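# pasting the sequence and the predicted coordinates here, then a few questions.
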Amino acid sequence: MPEGSLKHKLAAILSADVVGYSRLMSEDEVATIRTLSAYRNKMTTQVQENEGRVVDFVGDNMLAEFSSALDAMDCALKIQNTLGLSNARIAENRQMHFRIGIHSGEIVVDKDVIYGDGVNIASRLEGFADPGGICISEFVFTQVRNKMPVEFVDIGIKKLKNIFTPLRVYKVVRPEIGAKPQVIAETIDREKSLPLPNKPSLAVLPFANLSADSKQDYFSDGLTMDIMTALVRIPGLFLISEISMFSFKSQAPSVRELGRQLGVSHVLDGGVRKAGNRIRITARLLETVTGRQIWAERYDRRIDDMFAVQDEITEKIVEAMDIKLVTGEVARTIRKVIRDPDALEYYYRGWEALFGSTKEDINEAQQMFEETMRLEPESSFGYAMAAWSHWWSVDQGFSEDIALSLERAIELALKAENLEDFTGLSHLVMAQIHLFKREHDKALEAVQNAVLARPSCDLSYAAKANILNYLGRSKEAIDLAKFAIRLSPVYPPFFQKTLATAFYGSGRYEEAIESAKEVLKRDKDNLDALLILAGANAALDRQEEAAKVAKEIKRVRPDFSVKNYVETQPYRDMKILKQVTSMLQRAGLH
């Protein structure tokens, strides 16, 4: 290590590790990794908010540095309070408690890595802390006493392993937070409870990445999406959408909590470890009311057997949940699968890129799916996803040549259909493009095919509701939009906007206003929601309210023009466009 690359400085060091980590892992590896991942995100966020830096987070141990002992102490208190609230929602034997040690002293910095006695002392101090507790050195105590809303207990001078000079150690005594959070959590859960549907219902948690490399997350996410792609095709199953389920990736909800919040009878979770050309997948099916495990399996396979494993998991779910299949239907899917390991790698990386929100993300997704097609030209998967990514670039306003993007999307979607598209996404792509081109009958036919191919897909129902709105059949669209929202309790603004439009088109203006306000709670500058709000208030002769919204529209879009706006709206019936125009003008827009 070159001497010139080293830097000596004073810093406050925070070290934290999990109590009983080995026991937690041996009892339930998947649940432990899921909880640790959620807590890691919470802790990292807190360190950053306290002007600190996470130096390392290996396994169950976090090391962070701060410029002041006060920042480190405040961060430690907030971490323990936050994790205490989270633990209150988990069964006692699955709770994950961290011990934290803090020391202030000299450290040696080599690029992003830190060394020295300051680091070693902090890691030794955590061993004196109680589960969920904090221990600090005398150096920290002298800097934070009388400045924090806590008490300190002197536990004496301690000899620390590999540290020459004994140190005086203090325990931090925090206000009791153990009992109250449980009551709060239960109250929140009851408020969010949804009733069970009248058929078997399932939520699939994102599979945990069980490898030590967080860069392998794309693989576990891709596996989750593939399993859901197979399940979404089963008519007898009510499946919560991937949009909602991936919002739980950075959380650690209990099975019962998921059942209440999402209104489902069962939860599927699992984990995946990838090493070279081998994979190990664990999966289990749990009842939400009792928390009982009703099926579990572990698969050790080659990567080219991935789709066979996914089919087996689908079969087991259908069997265990007693899902009624339509005549002649079988649980095993017959498809031309991706067997080339490199093709699968590109396919999953394409999925990962699609979760992004930038032009660069979508371009990367297109490139990944192009490689999938090149390596697996007889599988529909790459073509269907590439078609969607090209349409998505148009929808999000990223395409530099809309005509060319649409042409490529159509070409790929038709190719996927010719290969008996397993995903059903090709129908959705064509439905969106037909509507964009004002080919209304073709749009409706394509979206109906999408619903048939993906009977538990929230986006299929939302797309159909949207198309019906433009066909002047808003009354029919209301229930479809509501069902899309039920399939995706954590839904994108587009779903609620579609419902608001359906209410507006049906003359139910009060409900249109309420739905538009729901959109604005999530996306305060959503232009479509503001326009519905302005039009509905104008239709109800609430001129003052309509004028206020019109002013807000001009703030969000200074160059807004009613004429330009209506030209982008693909309504079949010009009478509807005239009514929309009239109400917006009555609100004071031009």
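Yep, that arrived. No experiment lies behind these values; they were computed from the predicted model shown.
# show the contacting residues for Phe369.
Shown in contact with Phe369 (Cβ atoms under 8 Å, 6 or more residues apart in numbering): 346-347, 350, 382-383, 385-386, 389. (Each C-beta comes from the backbone N, C-alpha and C, glycine too.)
# same check, this time on Lys497
Applying Cβ under 8 Å, 6+ apart to Lys497 gives the contacts 515-516, 519, 526, 528-529, 532.
# as JSON lines, these with distance to Leu406, neighbour count and secondary structure would be great.
Below are the contacts of Lys497 laid out as JSON lines (distance: Cβ to Cβ, whole Å; neighbours: other Cβ atoms under 10 Å; DSSP: H, G, I helix; E, B strand; the rest coil):
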{"residue": "Ser515", "distance to Leu406": "30", "neighbour count": "28", "secondary structure": "helix"}
{"residue": "Ala516", "distance to Leu406": "30", "neighbour count": "28", "secondary structure": "helix"}
{"residue": "Val519", "distance to Leu406": "27", "neighbour count": "24", "secondary structure": "helix"}
{"residue": "Asn526", "distance to Leu406": "25", "neighbour count": "21", "secondary structure": "coil"}
{"residue": "Asp528", "distance to Leu406": "22", "neighbour count": "17", "secondary structure": "helix"}
{"residue": "Ala529", "distance to Leu406": "27", "neighbour count": "26", "secondary structure": "helix"}
{"residue": "Ile532", "distance to Leu406": "27", "neighbour count": "28", "secondary structure": "helix"}
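# pLDDT added to those residues, as a markdown table?
As requested, the contacts of Lys497 are exported to a markdown table (pLDDT from 0 to 100):
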| residue | pLDDT |
| --- | --- |
| Ser515 | 97 |
| Ala516 | 97 |
| Val519 | 95 |
| Asn526 | 94 |
| Asp528 | 94 |
| Ala529 | 96 |
| Ile532 | 97 |
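# where does pLDDT dip in the stretch 201-350 of the chain?
Applying pLDDT under 70 to the stretch 201-350 of the chain picks out residues 212, 322-337.
# please repeat the previous calculation with a cut-off of 50.
The model of the stretch 201-350 of the chain has pLDDT under 50 over residues 325-335.
# all helices for it, in order.
Applying DSSP state H, counting those that start in this stretch to the stretch 201-350 of the chain gives helices spanning 217-231, 242-245, 255-262, 306-320, 341-354.
# of those helices, which is nearest Asn277?
helix 341-354 (5.9 Å; Cβ to Cβ).
# quick one: list the elements packing against the lengthiest helix in the chain.
If you go by DSSP state H, the chain has its longest helix at helix 29-49. Counting contacts by 3 or more Cβ pairs under 8 Å, 6 or more residues apart in numbering; DSSP states H and E, helix 29-49 packs against strand 6-18, helix 21-27, strand 53-58, strand 61-66, helix 69-87, strand 208-209, strand 266-275, strand 278-287.
# how about those in TSV, adding distance to Tyr39?
Shown next, in TSV, are these (distance: least, Cβ to Cβ, whole Å):
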stretch	distance to Tyr39
strand 6-18	9
helix 21-27	12
strand 53-58	10
strand 61-66	9
helix 69-87	6
strand 208-209	13
strand 266-275	17
strand 278-287	21
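# hey, which of these is tucked in deepest?
strand 208-209 (a mean of 24; mean count of other Cβ atoms under 10 Å).
# which residues touch that strand?
Outside strand 208-209, the residues that reach it (Cβ under 8 Å, 6+ apart) are 30, 33-34, 37, 216-217, 219-220, 269-273.
# note down every partner strand of that strand and its orientation.
Using DSSP bridges, the strands paired with strand 208-209 are strand 266-275 (parallel).
# quick one: the partner strand to helix 341-354, angle?
Here the directions of strand 266-275 and helix 341-354 differ by 120 degrees (axes from the mean of the first three to the mean of the last three Cα atoms, to 10 degrees).
# gap between Cys135 and Val109?
Taking Cβ to Cβ, to the nearest Å as the measure, Cys135 falls 24 Å from Val109.
# kindly report the same for Lys524.
For Lys524, the distance to Val109 - Cβ to Cβ - is 42 Å.
# picking that back up, ok, and what's touching the longest helix of the chain?
For helix 29-49, the surrounding residues in contact (Cβ under 8 Å, 6+ apart) are 14, 16, 18, 21, 24-25, 53-54, 57, 60, 62, 64, 75, 78-79, 82-83, 86, 90, 94, 96, 98, 205, 208-210, 249-252, 269-271, 282, 284.
# still on that earlier bit, quick one: closest of the helices and strands packed on helix 29-49 to Arg174.
So among those, helix 69-87 is nearest, using Cβ to Cβ, at 6.5 Å.
# centre of the chain to the closest one, how far?
Distance, stretch centre to chain centre, for helix 69-87: 24 Å (Cα atoms, centre = their mean, to the nearest Å).
# what's the average pLDDT for it?
For helix 69-87, mean pLDDT is 94.
# which other helices and strands contact the next helix or strand after it?
Sequence order places strand 98-110 as the next helix or strand after helix 69-87, per DSSP states H and E. Packing contacts for strand 98-110, counted by 3+ Cβ pairs under 8 Å, 6+ apart, involve strand 6-18, helix 69-87, strand 113-115, helix 117-125, strand 134-137, helix 138-144.
# let's have those in JSON lines, adding distance to Thr44.
As requested, these are arranged in JSON lines below (distance: least, Cβ to Cβ, whole Å):
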{"stretch": "strand 6-18", "distance to Thr44": "11"}
{"stretch": "helix 69-87", "distance to Thr44": "10"}
{"stretch": "strand 113-115", "distance to Thr44": "17"}
{"stretch": "helix 117-125", "distance to Thr44": "17"}
{"stretch": "strand 134-137", "distance to Thr44": "18"}
{"stretch": "helix 138-144", "distance to Thr44": "21"}
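# right, and those - which one's nearest Glu567?
Judged by Cβ to Cβ, the one of these that comes nearest to Glu567 is helix 69-87, at 49.8 Å.
# helices or strands up against that closest one?
For helix 69-87, the packing partners by 3+ Cβ pairs under 8 Å, 6+ apart come out as strand 6-18, helix 29-49, strand 61-66, strand 98-110, strand 134-137, helix 138-144, strand 167-173, helix 180-192.
# among the ones you listed, which is the most enclosed?
strand 134-137 (a mean of 29).
# contacts for that strand?
Applying Cβ under 8 Å, 6+ apart, the contact partners of strand 134-137 are 73, 76-77, 80, 99-105, 121, 125-126, 128-129, 144, 152, 155, 167-172, 174.
# quick one: which of the helices of the stretch 201-350 of the chain is nearest Ile478?
Closest to Ile478 of these is helix 242-245 (Cβ to Cβ; 20.6 Å).
# quick one, helices of the stretch 451-590 of the chain?
Counting by DSSP H, counting those that start in this stretch, the segments of the stretch 451-590 of the chain that form helices are 458-470, 474-487, 493-505, 509-522, 527-539, 543-556, 562-567, 574-586.
# please save the CA atoms from the last one in PDB.
Provided in PDB are the C-alpha atoms of helix 574-586 (Å, rounded to 0.1, in the frame of the first residue of the first chain):
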ATOM      1  CA  MET A 574     -66.100  14.300 -32.000                       C
ATOM      2  CA  LYS A 575     -69.100  15.300 -29.800                       C
ATOM      3  CA  ILE A 576     -67.100  14.200 -26.800                       C
ATOM      4  CA  LEU A 577     -64.100  16.300 -27.900                       C
ATOM      5  CA  LYS A 578     -66.400  19.300 -28.300                       C
ATOM      6  CA  GLN A 579     -67.800  18.800 -24.800                       C
ATOM      7  CA  VAL A 580     -64.300  18.500 -23.300                       C
ATOM      8  CA  THR A 581     -63.200  21.700 -25.200                       C
ATOM      9  CA  SER A 582     -66.300  23.600 -24.000                       C
ATOM     10  CA  MET A 583     -65.800  22.700 -20.300                       C
ATOM     11  CA  LEU A 584     -62.100  23.600 -20.400                       C
ATOM     12  CA  GLN A 585     -62.800  26.900 -22.000                       C
ATOM     13  CA  ARG A 586     -65.500  27.500 -19.400                       C
END
